[in-house]
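S.K.: got a predicted structure here, sequence first:
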Amino acid sequence: MAKINDKYDLSKIKYNYRSEMGRYEHHIYFCAGAGCISCGCADVAKTIQECLGEYNLNSKVKMIETGCIGLCSLGPVMLVMPERTFYVGLSPKNVGKVIKSHFVDGKIAENYCYQDLKTKEYIPCIDDIPFYKDQVRIALQGCGTTEFDKIEAYIATGGYATLHKAITEMTPQQVIDEVKESVLRGRGGGGFPTGVKWQAGHDAVADQKYIVCNADEGDPGAFMDRSIIEGTPHKLIEGIILGGYAIGATKGYVYIRAEYPIAVNRLSKAIDQARAMGLLDEPLFGSDFQFSLEIRIGAGAFVCGEETSLMESIEGHRGEPRQKPPLPFQAGLFGKPTIINNVETFANIPYIIKHGAGGYTRFGRVGAHGTKVFALAGDIVNAGIIEVPIGMPMRNIIENIGGGLIGGKEFKAAQVGGPSGGCITAADIDVPMDYSELIAKGAMMGSGGLIAMSTDTCMVDTARFFMDFVQDESCGKCVACRIGTKRMLEILQRITKGEGKKDDIDRLLELGAVVKDTAMCGLGQTAPNPILSTIRYFRDEYEAHILDHRCPAGRCQALTVFEIDPQACIGCTRCKKHCPTLAITGELKHAHDIDPLLCIGCGACYGSCPVDAIHPTKREEN
Amino acid sequence: MSLSLENLTCNCDHGSTDAEKYAMIAQVIDAYKDKEGSLIQVLHAAQEIYGYLPLELQKFIALRMNKPLSEVNGVVSFYSFFSTKERGKHTIHVCMGTACYVRGAQKLVEALEEKLGVSVGEVTPDKKFTLDVARCIGACGLAPAVMVDNDVHRQVQPHGLDAMLKQY
């Protein structure tokens, strides 16, 4: 591979790649994100290749495997360019029909396009789909539209030209000023202004400084960073090199979790390509700045997402947090000044330097400019990855982009910010998604996990789930977190079993406040948030569990039995087949009945009923 | 030098002897010799080669890396990815992330425990599967998800488990 020495080399690669691609009339962007891979997209891709051969389309149509296009719940998906027709739910069986119809007969295969569940209409053009309409893609730009495994493809979209501009035309201070002016805030959770952090790194004096990319995306319900790495690994690399240049670090690390083997693989390949082209480990563009980048793979510890633990882990130690100060920019990795940013933060940098701070501050709102990537999951129709301007009301995300809740169920709350965040209730659904607004509601932006929950969700059980997670992941170094989370978990377990005591709510509030104030690192300091937030908004549910021994959502098995409404039951026998304890009796086409003594409250019948005749109810004590 | 886990896919299947595996691990250690803080990366590779990290192997690594055994063992016991017990040929990770939990992951765990006759963290008697739970694997759009080795299975239902297991 030829080395890149100046911008003419970049232009040449760009031109060559574009003219190579320009030979084809159509391009198929085929999603090879982790989501689509898990639903067998490799077989679909193979079938597409075969079909293209069979219909003699190889000179006309080019298939490109891209990163995540976003709509994970409908995968495998593909986007046909330049028509921008979006096909979903592909399989080796149906994709042949789609290829024939689209390319041979020249007719859009409508039945395989996105279907609006409300209007039942098929929407062929990706830009008309509500999921994509309101999105603004900056961090995700190129994700789903560029070949992830070719550096040429990234360069063809203007990649690494920004790096060239920064290194040949800007001083490190100018790069920092641009980032400062963009008011980019850390996208990993803390929300600290990136420019200010970089200034501190720049001003620190040392023989060696480090820049670290935190890709230890551990929040349950978050997969934004994974999509960015898998879809546009080179953008991340460019962002990190820019950061290194700005603060004067010659060495960088990407700390990535072992649970993401595909992302690790693609990023390693991208680093190898960048190295082969002379973008790493060699003086860049004739300057005397050179940068090296290394991947460090985590080993399954949530606490390593906390910056001081992360540094411990890179050094090869147990991932236990360090006491701050000194802050990482004073004494971080191997005792040297270190700046740590999250994947999404780095992914915004090339855009900011390319378009200037003014180009970035067009989006978002005062105090929090730009966009935020969210991972939509839970009981939502369009689960997947989205990017929206900061400040967009949550209602817009849930109802328009997310398409509402599965089965038309009623929205109860959304957990924002994972186990460190809190819930936003239906009453607050119009809250703008902004750092300060979310904090005022007792949640936080966090890294961007957004889990929608329907009225079937028990909030006490949800709090118990998060506490179970945090307690298990607590590293045990400080007492507040190690013992505090355990005691809080025990209380919650007791409550969900109907054994709660009258003063349990007060005890949780007290314990929560103490752990928040005294834990050593971010994990412990934010651990009580889900409890405090659910008590704040759903105190009545806690009281129902404790005083009335009743789970209003019918989720806590120990407190629930199910019953069938004989008027509504159509006698389809489906619930009977699903019941694991043979508690249901009844003949075909006659109303069924559940024996409350045999019912274990598992809810298998509830999920299977086609006419909503089954409802949870309080388990009577005997 | 690029030493990724990819290049070291040798698993017990190849019938390599312990001595051969130890020799491979020694190679890895030497390759990482000049890199600061590489213990975790070495342990990843060692587990990939040997399947798990018994005390004997930890001693070997400690000696060769010139580190106290307590440090190696401290790291092994801290991270959930490292196992000191022999693992099955395939590892099943039922994702217990929020999205999967909300959509019924607990039922999958119970069903798998019953089908395989083991509890979470155990190996089946035929050494074929290790059953484990995972913290969010980042496939929330596909909940509930189950990861078998590196394959993610989407929207798994208890009645679909047999079909999933049959693939291995």
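M.R.: In hand now; what should we look at?
S.K.: can you give me the strands for chain B?
M.R.: B:90-95, B:129-134, B:146-148, B:151-153 (DSSP state E).
S.K.: what's in contact with the host helix or strand of residue A:313?
M.R.: When elements are assigned from DSSP states H and E, residue A:313 belongs to helix A:307-314. By C-beta atoms under 8 Å, 6 or more residues apart in numbering or on different chains, the residues outside helix A:307-314 that reach it are A:212, A:214, A:216, A:253, A:255, A:296, A:298-299, A:301, A:303-304, A:318-322, A:324, A:328, A:332-333, A:338, A:340, A:475, A:521, B:37, B:40. Any C-beta I mention is one placed from the backbone N, CA and C, and that applies to glycine too.
S.K.: look up the closest residue to residue 153, ignoring the ones flanking it.
M.R.: Since you didn't name a chain, this refers to chain A. Nearest non-adjacent residue to residue A:153, counting by C-beta to C-beta, 6 or more residues apart in numbering or on different chains: residue A:147, 3.9 Å away.
S.K.: not what I meant, chain B
M.R.: Per C-beta to C-beta, 6+ apart, closest to residue B:153 is residue B:146, 4.7 Å.
S.K.: look up how far residue B:161 lies from that neighbour.
M.R.: Residue B:146 sits 8 Å away from residue B:161, going by C-beta to C-beta, to the nearest Å.
S.K.: mind showing which ranges of the stretch 101-250 of chain A have poor pLDDT?
M.R.: Across the stretch 101-250 of chain A, nothing is flagged by pLDDT under 70.
S.K.: which parts of it sit against chain B?
M.R.: Counting by C-beta under 8 Å from any C-beta of the partner chain, the positions of the stretch 101-250 of chain A adjacent to chain B are A:217-223, A:226.
S.K.: point to the residue nearest the middle of chain B.
M.R.: residue B:81 (5.8 Å; C-alpha atoms, centre = their mean).
S.K.: correct me, but it touches residue A:299?
M.R.: Yes. Using C-beta atoms under 8 Å, residue B:81 makes contact with residue A:299 at a distance of 4.1 Å.
S.K.: give me the common contacts of these two.
M.R.: Common neighbours of residue B:81 and residue A:299 (criterion: C-beta under 8 Å, 6+ apart): A:258, B:44.
S.K.: if I pick the residue nearest to residue A:153, what's in contact with it?
M.R.: Residue A:147 is in contact with A:64-66, A:153, counting by C-beta under 8 Å, 6+ apart.
S.K.: swap in residue A:388?
M.R.: So residue A:388 contacts A:134-136, A:371-372, A:374, A:396-397, A:401, A:433 (C-beta under 8 Å, 6+ apart).
S.K.: switch to 6 Å and redo it
M.R.: residue A:135 (C-beta atoms under 6 Å, 6 or more residues apart in numbering or on different chains).
S.K.: which strand residues bridge it?
M.R.: Following DSSP bridges, residue A:388 is listed with bridge partners residue A:372.
S.K.: weed out the non-buried ones from the contacts of helix A:307-314.
M.R.: Applying a neighbour-count criterion of 16 or more other C-beta atoms under 10 Å in any protein chain shown, the buried members of these are A:212, A:214, A:216, A:253, A:255, A:296, A:298-299, A:301, A:303-304, A:318-322, A:328, A:332-333, A:338, A:340, A:475, A:521, B:37, B:40.
S.K.: the residue nearest to residue A:153 and residue A:17, how far apart?
M.R.: To residue A:17, residue A:147 is 9 Å away according to C-beta to C-beta.
S.K.: repeat that for residue B:54.
M.R.: 50 Å.
S.K.: looking at these two, which has the bigger crowd around it?
M.R.: Regarding residue B:54 and residue A:17, a neighbour count based on other C-beta atoms under 10 Å in any protein chain shown identifies residue A:17 as having more, with 19 against 14.
S.K.: quick one: contacts for that one?
M.R.: A:152, A:156.
S.K.: residues in contact with residue B:97?
M.R.: By C-beta under 6 Å, 6+ apart, residue B:97 lies in contact with A:220-221, B:136.
S.K.: and the helix or strand bottoming out on mean pLDDT in chain B, what does it pack against?
M.R.: Ranking every helix and strand in chain B by mean pLDDT, DSSP states H and E puts helix B:98-102 at the bottom, with a mean of 77. Where contact means 3 or more C-beta pairs under 6 Å, 6 or more residues apart in numbering or on different chains; DSSP states H and E, helix B:98-102 is packed against strand A:371-378.
S.K.: so which elements touch the strand it packs on?
M.R.: In this structure, strand A:371-378 packs against strand A:384-389, strand A:449-454, helix B:98-102, with contacts taken as 3+ C-beta pairs under 6 Å, 6+ apart.
S.K.: need the ones you listed in TSV (columns: distance to residue A:426).
M.R.: Shown next, in TSV, are the helices and strands packed on strand A:371-378 (distance: least, C-beta to C-beta, whole Å):
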stretch	distance to residue A:426
strand A:384-389	20
strand A:449-454	10
helix B:98-102	16
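S.K.: so where's chain A shaky on pLDDT?
M.R.: Ranges of chain A meeting pLDDT under 70: A:1, A:622.
S.K.: the residue nearest to residue A:153 bridge partners, please.
M.R.: Note on residue A:147: beta-bridge partners residue A:66, judged by DSSP bridges.
S.K.: how near is it to chain B?
M.R.: Taking C-beta to the nearest C-beta, to the nearest Å as the measure, residue A:147 falls 20 Å from chain B.
S.K.: domain assignment for chain B?
M.R.: Domains of chain B are assigned by automatic domain parsing as B:5-78, B:90-166.
S.K.: same question for chain A.
M.R.: Using automatic domain parsing, the domain parsing of chain A gives A:7-132, A:151-360, A:368-454, A:459-547, A:557-618.
S.K.: about what we covered before: the more surrounded of residue B:146 and residue B:161?
M.R.: Taking neighbours as other C-beta under 10 Å, residue B:146 and residue B:161 compare with residue B:146 leading, 29 against 19.
S.K.: that one bridge partners, please.
M.R.: Going by DSSP bridges, residue B:146 forms beta bridges with residue B:94, residue B:153.
S.K.: didn't it look like it was pressed against residue B:152?
M.R.: No. The pair residue B:146 / residue B:152 is not scored as a contact, 7.6 Å apart, by C-beta atoms under 6 Å.
S.K.: ok, now how distant is residue A:122 from residue A:110?
M.R.: As judged by C-beta to C-beta, residue A:122 and residue A:110 stand 5 Å apart.
S.K.: would a markdown table of the strands of chain B with mean pLDDT be doable?
M.R.: As requested, the strands of chain B are exported to a markdown table (pLDDT from 0 to 100):
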| stretch | mean pLDDT |
| --- | --- |
| strand B:90-95 | 91 |
| strand B:129-134 | 90 |
| strand B:146-148 | 91 |
| strand B:151-153 | 85 |
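S.K.: would you turn those into a markdown table with distance to residue A:58?
M.R.: Shown next, in a markdown table, are those (distance: least, C-beta to C-beta, whole Å):
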| stretch | distance to residue A:58 |
| --- | --- |
| strand B:90-95 | 38 |
| strand B:129-134 | 41 |
| strand B:146-148 | 35 |
| strand B:151-153 | 30 |
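S.K.: those: which one's closest to residue B:24?
M.R.: Nearest of the strands of chain B to residue B:24, taken as C-beta to C-beta: strand B:90-95 at 20.6 Å.
S.K.: any low-confidence regions in chain B?
M.R.: Scanning chain B with the threshold set as pLDDT under 70 gives B:1-15, B:138, B:141.
S.K.: how about the residues of it by chain A?
M.R.: Chain B comes close to chain A at residues B:2, B:4, B:37-40, B:44, B:74-75, B:78-81, B:97-99, B:101-102, B:136-138, B:140-142, B:150, B:152, B:154, as judged by C-beta under 6 Å from any C-beta of the partner chain.
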